[in-house]
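Engineer: model this:
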Amino acid sequence: MNKEIMISDIFLDIYKNFNVCSQSDKMKQLSRKELLLLLVLTSDSFLEESSVVIDNYRGFKGELQVLHDSLPDIGAAEVAVIDLDILSLGDETGDKYIDTTKIVDKNGNKLPKPLTEEEALIKRREIGINTIIN
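Structural biologist: Numbering: from 1, shown residues only. Next up is the predicted model:
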């Protein structure tokens, strides 16, 4: 059976704009489980070279440490995952670890590809201009 994790609309909005502008306030509205899932997904999807991405991680060092501590050592047969939310997310996808390819929105759609740096720059400019003219 192919299990999936359904995400909230706010999760999807944060993910789509993670490399565009600050998402920290929105991220604080997520459940801990969704926040951990978002951090796993974004660490797989976005380059840490972006200052916007780094700023979005800044307030969540504790959660990032939990994720780091849950990673297996290279070559290790097992890792002792002790965080219940991380274990639960793995169980929801039917895998030992969190399978981010099984994340879907409320309509069952897979997540879109992240914006390229150029697309993110254009979107940042649009947001800035809209703020000024409105």
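Engineer: The longest helix along the chain: which residues count as buried?
Structural biologist: Looking across the chain with DSSP state H, the single longest helix is helix 117-133. Neighbour counts over helix 117-133 (16 or more other C-beta atoms under 10 Å) mark 120, 123-124 as buried. (Each C-beta comes from the backbone N, C-alpha and C, glycine too.)
Engineer: go on, stretch 35-46?
Structural biologist: For stretch 35-46, burial by neighbour count (16+ other C-beta under 10 Å) applies to 35-42, 46.
Engineer: ok, those residues vs Y97, which is closest?
Structural biologist: Using C-beta to C-beta, V40 comes nearest to Y97 of the buried residues of stretch 35-46, at 9.0 Å.
Engineer: which ones are touching that closest one?
Structural biologist: When contacts are counted by C-beta atoms under 8 Å, 6 or more residues apart in numbering, V40 touches 67, 89, 98, 100.
Engineer: redo that, cut-off 7 Å
Structural biologist: Listed by C-beta atoms under 7 Å, 6 or more residues apart in numbering, the contact set of V40 reads 67, 98, 100.
Engineer: how near is the residue positioned nearest the centre of the chain to S51?
Structural biologist: Nearest to the geometric centre of the chain sits L38, at 2.3 Å (C-alpha atoms, centre = their mean). Separation of L38 from S51 (C-beta to C-beta, to the nearest Å) stands at 19 Å.
Engineer: what does S70 give?
Structural biologist: Distance from S70 to S51, by C-beta to C-beta: 27 Å.
Engineer: more crowded one of those two?
Structural biologist: Taking neighbours as other C-beta atoms under 10 Å, S70 and S51 compare with S70 leading, 19 against 9.
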